[in-house]
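Student: test case, fold it:
(2 chains)
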Amino acid sequence: MIAFMVPMLTVLGVRDGIIGTLTSRLLENPRNLELTPKGSFNFKEEFFASLKTQSDVAFVVPETRAISATMNLAAPNQPTFDADLSASGPGDPLLKETADKLGQDTDLLIDKIYLAEAVAEKLGVKAGDKVKGRVGRRRKSHDEYASLELTVLGVIPRHITPGYNAFCSLQLLRHTEDFRSGFAVPELGWEGTPKPAGPERYARFRLYSKDLDGVERLRLYLLKQGIDSYTQAAQIELVKRLDHSFTVIFVALLIVVGGGAFASAASGAIDQVAKMRRSLSVLALLGLSKFQLLNFSMFQAALTGLLSTLGAEGLFLALAKALNVYFGDSLGLGERVCYLATWKLVVAGAITIFFMVSASGCAYTKLADIEPSEGMRDV
Amino acid sequence: MLLSEPLMRFERVVKIRRGGAGYRLTVDNLIVSSGERLALIGDSGSGKSTILDMMALVLKPDEADDFSFKPMGSDKWQDLWKTWQSKRLTRFEAIRRSSLGYVMQTGGLLPFLTVRDNISLPAELKGTIPTKIWREKLKYLAEELKITHLLTKYPTKVSVGERQRCAIARALVHNPSLVLADEPTASLDPPTAERVFELLLRLSQDCALVVSTHEHRRVVGTDFKVYRLLCRSTSPDQPIEAMVIPPEEYRFSDEGKVETISLEKKKTSELH
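Tutor: Residues are numbered from 1 along each chain as shown, chains lettered A, B, ... in the order given. This next block holds a predicted model:
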């Protein structure tokens, strides 16, 4: 029984360990939950309102056309740098880790920004520093510039945002686009022609799913509305396929090895009855019923099952520990190659005991023809 | 002395075995009463074990005018023959648990239990005797049988003679009304056999004791009622007729040979 349980637990443990590690790695990086549209569109506020009602949506923020979303940033005594401006807002997963670390929220005021690590390095700034933001446009063959002072609230690590991004409020992004289009921005004292009244429109967005499975559902939802989107689907799909393969291997092993183990346990139980025939017939003679005899042998089987479970799970835990140490170099903190949740170990034990007891039930046919008279003398 | 009351009654109970020319055992008019010592003697194959098996409720008779059992202290007879026919064998399990005790040829102790647990088992299965009481009985029996030092051992670790003494304790611990012993001393050397048999007799005085044995000198001339099994075959193709001859119908000659008093007469009258 132990010979059967240990490999099964190990396959299951490796599946759970590797899939768990890969999944948490995927989840750890919010980029894997991200969906962005392919191309430029003309989204109205209503589109975002209805998108937010989707249960898979964790966060969505509109963005302007990529071409108008740059800002020249300058810090004292450093060369200036053109950063890609992205809108952000409360609950932005890309900002969350940094904001949490600094004890801030991600609700940005117009003069506050978060910088990607790459940008902060170029400018030589850190959280709390001030930078000058400058937007340029060409109007009537003149170069015109508008600027404002921005406070850097935090620096977002490279593994979350590898690009040259600066995250600002949606309001600032909109003002930047307006200024580029030649309009005035009275709130910031930027000059230009008055902006005609009308609903705001956005070319793009950043959308985040609550979980990995939601990404595909959101992609299909968007596709239905004619919006093709970029996702990290390939990576997610890889993990899912791996998960599926492991499950197939596990089920196949369970059927083949489990079937064999059951047959051997059943024949073992039948042998056991044959071996204990004399004792069982004595028990029958002393007044135990067939039912009690069956219970007796089932109890024995349950006990055997319990002992083999404890043995097998002990061995498994030792093996899992060894595997995790051996592969420790390629693992992060808290990541494991082989791992089973306690409840799975308990369920595996329960299944084994049930398995043993039903195997011993196979011996009932043998038990049924034991006669108490056999107990009277040696046969 | 307790008043003797009948426990088990056989009235023309017949067991037939097929194979060969066949075999037909008739137990006519046999009553086992409390406090009684009853011995079944006869050659091997004469049917001693068959009668014991029927008494132990593990072998179904083929015919019976009356085959019944009355538990001690009750005045209601239970019709065993009817129970056999109705196949409600759980009733037998209850009778075996509460009223019967067995001493088997080789002890029949369970190898996976200690001697103490082996002896306790019938008392625990019976379930109606207070633990304190049967524990005292166990202690008493162990002392009398000189097996106190063996109680924590497993049966495979004790000698055959000791095992048989343990078996006697197990047969008696739950105060059965009928104790059945099938060749209880057959596997022992003569001096040990003597002692074990004497102990069995002495400790089973409160109950009826039925012993099967092929050593009649052990029971003849004691207070045993000795029933003799006799096989007769009139011709090779006729079934062997086995009968139980009650003590009053035979005697031993001065040379130790058995002389039937009325069998020939009875046989003759049956033939006509």
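
Student: from what I can see B:Ser233 touches B:Tyr23, true?
Tutor: No: contact criterion CB atoms under 8 Å: B:Ser233 and B:Tyr23 do not qualify, at 9.4 Å. Where C-beta positions appear, they are placed from N, C-alpha and C, glycine not excepted.

Student: who touches both of the two?
Tutor: B:Pro239, B:Ile240 (CB atoms under 8 Å, 6 or more residues apart in numbering or on different chains).

Student: of the two, who's got more company?
Tutor: Using other CB atoms under 10 Å in any protein chain shown as the criterion, B:Ser233 and B:Tyr23 rank with B:Tyr23 on top: 20 against 14.

Student: residue contacts, B:Lys60?
Tutor: Here B:Lys60 is in contact with B:Trp84 (CB under 8 Å, 6+ apart).

Student: and the residue lying closest to A:Ile18 once chain neighbours are set aside, how many neighbours does it have?
Tutor: By the measure of CB to CB, 6 or more residues apart in numbering or on different chains, the closest residue to A:Ile18 outside its immediate chain neighbours is A:Val337, 6.2 Å from it. Neighbours of A:Val337 under the rule other CB under 10 Å: 19.

Student: dump the residue contacts of A:Val337.
Tutor: Counting by CB under 8 Å, 6+ apart, A:Val337 has contacts A:Val14, A:Gly17, A:Ile18, A:Thr21, A:Leu323, A:Asn324, A:Tyr326, A:Phe327, A:Leu331.

Student: which two of those have the greatest separation?
Tutor: The most widely separated members of the contacts of A:Val337, counting by CB to CB, are A:Thr21 and A:Tyr326 (14.6 Å).

Student: higher neighbour count, the two?
Tutor: The neighbour comparison of A:Thr21 against A:Tyr326 (other CB under 10 Å) goes to A:Thr21, with 20 against 11.

Student: residue 195: what secondary structure?
Tutor: This is for chain A. The three-state assignment at A:Lys195 reads coil, by DSSP: H, G, I helix; E, B strand; the rest coil.

Student: oops, I was thinking of chain B
Tutor: helix.

Student: list the contacts of the residue nearest to it when sequence neighbours are not counted.
Tutor: Excluding the flanking residues, the one nearest B:Arg195 by CB to CB, 6+ apart is B:Gly161, at 7.9 Å. Neighbouring residues of B:Gly161 by CB under 8 Å, 6+ apart: B:Leu188, B:Asp189, B:Thr192, B:Arg195, B:Val196.

Student: tell me which element B:Gly161 is part of?
Tutor: helix B:160-172 (DSSP states H and E).

Student: how about that helix: buried residues?
Tutor: Using 16 or more other CB atoms under 10 Å in any protein chain shown as the test for burial, helix B:160-172 gives B:Gly161, B:Glu162, B:Arg163, B:Gln164, B:Arg165, B:Cys166, B:Ala167, B:Ile168, B:Ala169, B:Arg170, B:Ala171, B:Leu172.

Student: now, of the contacts of A:Val337, which are buried?
Tutor: Here, 16+ other CB under 10 Å leaves A:Val14, A:Gly17, A:Ile18, A:Thr21, A:Leu323, A:Asn324, A:Phe327 buried among the contacts of A:Val337.

Student: output the residues you listed as CSV; include the columns pLDDT and secondary structure.
Tutor: Shown next, in CSV, are those (pLDDT from 0 to 100; DSSP: H, G, I helix; E, B strand; the rest coil):
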residue, pLDDT, secondary structure
A:Val14, 85, helix
A:Gly17, 85, helix
A:Ile18, 83, helix
A:Thr21, 83, helix
A:Leu323, 86, helix
A:Asn324, 86, helix
A:Phe327, 84, coil
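
Student: between these, which sits nearest A:Met5?
Tutor: Looking across those and measuring by CB to CB, the closest to A:Met5 is A:Val14, at 14.7 Å.

Student: let me see the ranges of the helices in chain B.
Tutor: Assigned by DSSP state H, the helices in chain B fall at B:48-55, B:80-86, B:90-99, B:115-126, B:131-145, B:160-172, B:190-203, B:263-271.

Student: select from those helices the stretch with the lowest mean pLDDT.
Tutor: Sorting the helices of chain B by mean pLDDT places helix B:263-271 lowest, at a mean of 48.

Student: what number of residues lie near whatever residue of chain B ends up closest to chain A?
Tutor: Nearest residue of chain B to chain A, counting by CB to the nearest CB: B:Arg97, 3.2 Å away. The tally of other residues near B:Arg97 (other CB under 10 Å) stands at 20.

Student: how about the nearest residue to it, chain neighbours excluded?
Tutor: A:Gly287 (3.2 Å).
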